[in-house]
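Colleague: Provided below for reference: sequence and predicted model.
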Amino acid sequence: MLNADELERYARHIVLREVGGPGQTALQGAKVLVIGAGGLGAPALMYLAAAGIGTLGVVDDDTVSLSNLQRQVIHATPDIGALKTDSAAAKIHALNPHVRFIGHAVRLNAANAMTLLSGYDIVLDGSDNFTTRYLLSDACYLAKKPLISAALGTFDASLTTIRAHEVNASGALNPTYRCLFPEAPPPGTVPSCQEAGVMGALAGMVGSMMALEAIREIVGFGEGLVGRLLMIDARNMRFETLRYGRDPANPLNGDAPSIRDLSAYL
C-alpha cells in the first residue's frame, strides 16, 4: 500500500489514467536490475528510482572517473574513485528513500548471471561491450526475464525490448536479440566510447527511454518495443522504428535450439 508521503510523491503518476493507483502499486512491487551504472544506466537508475520502483539493483564493478561525468549523471565530482555502486546508492537514497537499492559490485559473467537475474522481474542492459550483451540476452531468455536492451554510438543509438521466452498475440514466439543481431561484429571493427566519443546528452535521452520502457512493461500501457527496434539519429534528430521477427535459425528459441545454458561463455 502507498503511504501518505508516497501518495504525494507519485501524485503526477497517479492522476495519469494509464497509471493510476494500481499502476503505481505495481511499480512499488517491481524488482528491476540494471546492468551498468554508466552512460545509459545512470539516467535509467535515476528515473526508475524517481518513479518508485520498489527494488532497484545495479551490476557494476567499476569506479567513478573524471571522464565519466560528461554523461554518467548519477555520479558527481566528489565521487571520483568510489565504486559506482556506492555512488549510485547514495544518489538514489537521496532522491527516493522508499526505494530498496542493491549494488552488485561485480562484473556480469557466466558464473553469476543466472543467480543475479533470479532476484529480479525485468532487466535493463546498459553495458558497453558485445560479449556482455550476448551473454545477458542468452541469460534472460534462459531465466525467462524480459530484457530492455540499448546501445550507443557517437551520435546514434538503438533501443528494443526482448521477451523471447513468450509468444505474441498470434501465438508465435517473440524474437531474440540474436534474431536482430545474429553475430557480434569482429573485434576491433566497432570503436569503443573511449576511442570514438559519445554525446553525453544522447546517453541521458536513451537511458531515460529505457526507464520509460521498463515502466511501460511493468504498468502495461501503450505499445512497447517487443519486435521493434527504435533507431535514433541525434545528429539530424531523426527517429525510425524497424520491425523484426523471430529467426527460425536462431540458436535460442529457433526450430533447432542449441543454446541451453551459458557454458559457451565459461
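Modeller: Perfect, I can see it now. Numbering: from 1, shown residues only.
Colleague: per-residue confidence at the residue nearest to residue 261 when sequence neighbours are not counted?
Modeller: Excluding the flanking residues, the one nearest residue 261 by C-beta to C-beta, 6 or more residues apart in numbering is residue 142, at 6.9 Å. For glycine as for every other residue, the C-beta is placed from the backbone atoms N, C-alpha and C. Here the pLDDT value assigned to residue 142 is 98.
Colleague: residue 142: what's it in contact with?
Modeller: Residues near residue 142 by C-beta atoms under 8 Å, 6 or more residues apart in numbering: 114, 259-262.
Colleague: closest to residue 191 among these?
Modeller: residue 262 (27.6 Å; C-beta to C-beta).
Colleague: gap between the closest one and residue 135?
Modeller: Here residue 262 is placed at a distance of 7 Å from residue 135 (C-beta to C-beta, to the nearest Å).
Colleague: what residues do these two have in common as contacts?
Modeller: Common contacts of residue 262 and residue 135 (C-beta under 8 Å, 6+ apart): 110, 113.
Colleague: please say which of those two ends up with more neighbours.
Modeller: residue 135 (20 against 17; other C-beta atoms under 10 Å).
Colleague: in what helix or strand does that one lie?
Modeller: Using DSSP states H and E, residue 135 sits within helix 130-143.
Colleague: the next helix or strand after that helix pairs with which strands, and in what direction?
Modeller: Following helix 130-143 in sequence order, the next helix or strand is strand 147-152 (DSSP H and E). Its sheet considered, strand 147-152 pairs with strand 122-125 (parallel), strand 156-162 (antiparallel) by DSSP bridges.
Colleague: just the pLDDT at residue 193, thanks.
Modeller: As predicted, residue 193 sits at a pLDDT of 77.
Colleague: same deal with residue 177?
Modeller: Here, the pLDDT recorded for residue 177 equals 97.
Colleague: just checking, it touches residue 137?
Modeller: Yes. Residue 177 sits in contact with residue 137 when judged by C-beta atoms under 8 Å, with a separation of 3.6 Å.
Colleague: what do those two both touch?
Modeller: The contact sets of residue 177 and residue 137 overlap at 147, 149, 162 (C-beta under 8 Å, 6+ apart).
Colleague: nearest to residue 4 among those residues?
Modeller: Nearest to residue 4 out of the shared contacts of residue 177 and residue 137 is residue 147 (C-beta to C-beta; 35.6 Å).
Colleague: list the contacts of residue 245.
Modeller: So residue 245 contacts 172, 175, 179, 227 (C-beta under 8 Å, 6+ apart).
Colleague: what do you get if the cut-off is 6 Å, keeping everything else the same?
Modeller: Contacts here follow C-beta atoms under 6 Å, 6 or more residues apart in numbering; on that basis residue 245 touches residue 175.
Colleague: you'd agree it is in a helix?
Modeller: No. Assessed with DSSP: H, G, I helix; E, B strand; the rest coil, residue 245 is coil; it does not lie in a helix.
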